[in-house]
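**Student:** no sequence for this one, just the structure:
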Ligand SMILES: Nc1ncnc2c1ncn2[C@@H]1O[C@H](COP(=O)(O)OP(=O)(O)OP(=O)(O)O)[C@@H](O)[C@H]1O
């Protein structure tokens, strides 16, 4: 298990001295306006918060700054189907640790299918050596269900001693698969991996050896699982569904 001395990414800061105006995207986002230095947990750091708070933008900035392709994949992927990523990475300062990960993956639910297509194209071309799809379990990611193909990457492609940046990995995963994902995260953490995960799922955010950063209109704040808006809302819903529905339909 990684610790403070050997984690791969230590902290993130904003080069605010280079920002001229906070009037437009991505600088107008509350997390950027109120940025405070972010210290990553050696095992798992969660970025949570309401839709539109800037989780994907922040995660993408971290990933690009580290050297990942904006659309995800390993450090070796450099395909692009669109070029709409923000310029935030140019304004970030990432403190890396002394040790480098042996495995890397930037998982984006949004563009996972572009990645799947790119893998097929590279494999058809044949010039890149052994088939890439074999490291994802061997079966075309397009010929599996959404959840199955996501899970194939987590179980087969992620090899440990890795840096894994995951944007909403729960998309398409059933609650049971989300729990399996937690146990896979545990295995990979025990094998020297560091995760940075943006999620809306209270199941995914339940890994104990972690830090939860909640983004809101006020900026970012460290919090406990039980105090996240997601956990509270779900709890309220399940504890008294009828009352909640009554209020919703008033
Ligand atoms: N390329 C872009 N150009 C302009 N605005 C953008 C761009 N990408 C995102 N935004 C805006 O920035 C805000 C934050 O988007 P982002 O996708 O980072 O939020 P999020 O917290 O990940 O949301 P969700 O939980 O819905 O995935 C949104 O209001 C979005 O419309």
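**Tutor:** Arrived safely, thanks for sending. Note that the coordinates shown come from a computational prediction; the quantities given were computed from them, not determined experimentally.
**Student:** In the chain, where is pLDDT below threshold?
**Tutor:** Scanning the chain for pLDDT under 70 picks out the ranges 72-84, 112-113, 127-128, 141.
**Student:** center of it, which residue is that?
**Tutor:** In the chain, the centroid-proximal residue (C-alpha atoms, centre = their mean) is residue 166; its distance is 2.3 Å.
**Student:** and that one, that's in a strand?
**Tutor:** Yes. Assessed with DSSP: H, G, I helix; E, B strand; the rest coil, residue 166 lies in a strand.
**Student:** For the remainder of this discussion, apply numbering that starts at 49.
**Tutor:** Taking 49 as the first residue, the last one we looked at is residue 214.
**Student:** Tell me what it is bridged to.
**Tutor:** With beta bridges defined as DSSP bridges, residue 214 has these partners: residue 155, residue 245.
**Student:** any idea how far it lies from residue 150?
**Tutor:** 18 Å (C-beta to C-beta, to the nearest Å). (C-beta placed from N, C-alpha, C; glycine too.)
**Student:** again, but for residue 207
**Tutor:** 8 Å.
**Student:** What are the boundaries of the strands in this protein?
**Tutor:** In the chain, strands defined by DSSP state E lie at 57-62, 86-87, 92-97, 140-144, 151-156, 210-215, 242-246, 258-264, 267-271, listed in chain order.
**Student:** Which one, of the ones you listed, ends up nearest to residue 184?
**Tutor:** Of all those, strand 151-156 sits nearest to residue 184, with 10.8 Å by C-beta to C-beta.
**Student:** Which secondary structure elements does that closest one sit against?
**Tutor:** helix 103-114, strand 210-215 (3 or more C-beta pairs under 8 Å, 6 or more residues apart in numbering; DSSP states H and E).
**Student:** one step back: with respect to residue 171, which of the strands of the chain lies nearest?
**Tutor:** It is, among the strands of the chain and with distance given as C-beta to C-beta, strand 151-156, at 18.0 Å.
**Student:** so, in contact with the ligand or not, that closest one?
**Tutor:** No. On the criterion C-beta under 6 Å from any ligand atom, strand 151-156 is out of touch with the ligand, staying 10.4 Å away.
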